[in-house]
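S.K.: Provided below for reference: sequence and predicted model.
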Amino acid sequence: MSSLRALASHRAARGLEDDAAVLWFGGESLVLTHDTLVDGVHILEGQDPADIAWKLVAVNLSDLAAKGAEPVGVLISHMLGMDDHRFVAGLDEILNAFDVPLLGGDTVRAEGRRVWGCTAIGRAMHTPVPSRSGATRGDVVYLGGRIGMALLGYEAMRDDTDGDDRAYRRPVPQLELGQALAPHVSAMMDVSDGLLLDASRIAAASKVTLALDQARIALLAPEGRLDDAMRWGDDYVLLCTGPAGLESDYAVTAIGEVRDQSADPVLLDGVPPSGSLGYTH
């Protein structure tokens, strides 16, 4: 990754340390992001292609939400296979659900594990566009929804039980919340790889420490699964820092505070969390 960062010298790339690129163009800020799904890695093998199409677009729209951006359109890369009509059906569903036009892309046929890609283009609704790097000492840490629901959904699908699997199959990007929060936050990103890991990314970019309160986080996690929920990821809820009181006006929950930088980017009840912080490739 360090070699890629050396190539990404344009200021729009933000050093490859943010959810998206931000390009000033024609008097406004365009937000561009690209994510890839790999069969058997980001989705279960044999999963309904309609759900794959939904998730492919949703995770990219979630990156736009973290920038407080309004979607302009998407480009899709689709690896052909069985049940391509189901992929098209799911794509139609999510594009209509969020009023996002399909602008183009590519289709390919190849052997081996299937891969899908999506580039999403958005228009920033507030400048400066939120980044990961603005958190400062004294800010409150907020979470925009529940964590661990995708984990439960994954387990339900994997084990073929009757549990609610919607959060894993069809995540919902928090576009409206991101646009509402953008003028007020100091830093913001979406939780895709686990709360603890993504909190550490804000901490590293902002050169601070995020001190989190487990009791508050537990209110947003499945009972008895707090530790797993903080590390598993795939939740696509917004994590942000900002002034006290945001929970009075927006659908966020205060879960901690920003402190001066220490040896540990994240603290749980004052103690560094043990083990892996989240999902990494």
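M.R.: Received the coordinates, thanks. Numbering: from 1, shown residues only.
S.K.: okay, CA-based contacts and neighbour counts for the rest of this
M.R.: OK.
S.K.: could you pull out the strands for the stretch 151-281 of the chain?
M.R.: Assigned by DSSP state E, counting those that start in this stretch, the stretch 151-281 of the chain shows strands spanning 187-190, 208-212, 238-242, 253-260, 266-268.
S.K.: among the ones you listed, which is nearest residue 44?
M.R.: Across the strands of the stretch 151-281 of the chain, residue 44 has its closest neighbour in strand 187-190 (21.9 Å, C-alpha to C-alpha).
S.K.: and that closest one, what does it pack against?
M.R.: Counting contacts by 3 or more C-alpha pairs under 8 Å, 6 or more residues apart in numbering; DSSP states H and E, strand 187-190 is packed against helix 49-66, helix 195-206, strand 238-242.
S.K.: ok, 7 Å please
M.R.: Where contact means 3 or more C-alpha pairs under 7 Å, 6 or more residues apart in numbering; DSSP states H and E, strand 187-190 is packed against helix 49-66, strand 238-242.
S.K.: so what touches the last one?
M.R.: Counting contacts by C-alpha atoms under 7 Å, 6 or more residues apart in numbering, the residues outside strand 238-242 that touch it are 66, 135, 139-144, 184-191.
S.K.: same deal with the longest one?
M.R.: Counting by C-alpha under 7 Å, 6+ apart, helix 49-66 makes contact with 19-20, 31, 33-35, 37, 86-91, 94, 118, 120, 122, 169-175, 178-179, 188-190, 236, 238, all of which sit outside it.
S.K.: repeat the analysis, applying 6 Å as the threshold.
M.R.: With C-alpha atoms under 6 Å, 6 or more residues apart in numbering as the test, helix 49-66 has contacts from 19, 86-87, 89-91, 94, 120, 169-170, 173-175, 178, 188-190.
S.K.: and if you look at stretch 221-237?
M.R.: Contacts for stretch 221-237 (C-alpha under 6 Å, 6+ apart): 144-148, 150, 190-196, 218, 277-278.
S.K.: same thing with stretch 164-174?
M.R.: Under C-alpha under 6 Å, 6+ apart, the answer for stretch 164-174 is 51, 55, 58, 61, 62, 65, 149, 150, 153, 154.
S.K.: now do the fourth one against residue 272, distance only.
M.R.: Same thing as residue 61. 32 Å (C-alpha to C-alpha, to the nearest Å).
S.K.: more crowded one of the two?
M.R.: Shown here are residue 61 and residue 272; by other C-alpha atoms under 10 Å, residue 61 has more neighbours (32 against 13).
S.K.: measure the more buried one to residue 203 for me?
M.R.: 23 Å.
S.K.: and what of residue 171?
M.R.: Per C-alpha to C-alpha, residue 171 is found 25 Å from residue 203.
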